[in-house]
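Peer 1: Sequence isn't available, so here's the structure alone:
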């Protein structure tokens, strides 16, 4: 698989029979295409796999962010609708309270008028009774005067 340098001067140690590995120098490797690598082939493959997993993870995160963004827009739209309905409900409640207060005020005003007219009726009855009594007294006086003459 991977061949290692035996020294930094570019001199490669001799490979044994069958292309066996040369004495390693830490951290420098040849891949199957004879390119110089800092990582051995296995770690290079693991790094590539990790890179692919990271790309997939980033794609999932992007999808998640898109989904969350859509959800946030949906929630904002719903909250605006709820806020509008809430304001309408508050307006209706205030209107009903105002109407109830107005009806109560009208009821109190009508009751005051009833009380005032009952008091006026009582005064007029008292005056009527007094005038009736006075008429009776005058009729009696007139009758006495007419009978005395």
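Peer 2: Arrived safely, thanks for sending. Note that the coordinates shown come from a computational prediction; the quantities given were computed from them, not determined experimentally. Residues are numbered from 1 along each chain as shown.
Peer 1: burial of residue 29, as a residue count?
Peer 2: 21 (other CB atoms under 10 Å). In short, each C-beta sits where N, CA and C put it, glycine included.
Peer 1: gap between it and residue 43?
Peer 2: The spacing between residue 29 and residue 43, counted by CB to CB, to the nearest Å, is 9 Å.
Peer 1: Ok, residue 35 next?
Peer 2: Taking CB to CB, one finds residue 35 at 15 Å from residue 43.
Peer 1: neighbour-wise, which of these two wins?
Peer 2: Each of residue 35 and residue 43 has its neighbours counted (other CB under 10 Å); residue 43 has more, 13 against 8.
Peer 1: And the average pLDDT for stretch 70-80 is what?
Peer 2: Averaged across stretch 70-80, pLDDT comes to 97.
Peer 1: what's it in contact with?
Peer 2: The contact list for stretch 70-80, computed with CB atoms under 8 Å, 6 or more residues apart in numbering, is empty.
Peer 1: just the strands in this structure please.
Peer 2: Here the chain has its strands, by DSSP state E, at 3-4, 29-30, 36-37.
Peer 1: for this protein, which spans come out with low pLDDT?
Peer 2: 1-25 (pLDDT under 70).
Peer 1: could you redo the last one with a cut-off of 90?
Peer 2: Residues of the chain meeting the criterion pLDDT under 90: 1-48, 145-149.
Peer 1: which residues in it form helices?
Peer 2: 41-148 (DSSP state H).
Peer 1: For burial, what's the neighbour tally of residue 37?
Peer 2: 15.
Peer 1: list the contacts for it?
Peer 2: If you count contacts by CB under 8 Å, 6+ apart, then residue 37 has 2, 28, 29, 30, 31, 44 around it.
Peer 1: ok, which pair from the residues you listed is furthest apart?
Peer 2: 28 and 44 (12.8 Å; CB to CB).
Peer 1: Need the residue closest to the centroid of this structure.
Peer 2: In the chain, the centroid-proximal residue (CA atoms, centre = their mean) is residue 79; its distance is 4.3 Å.
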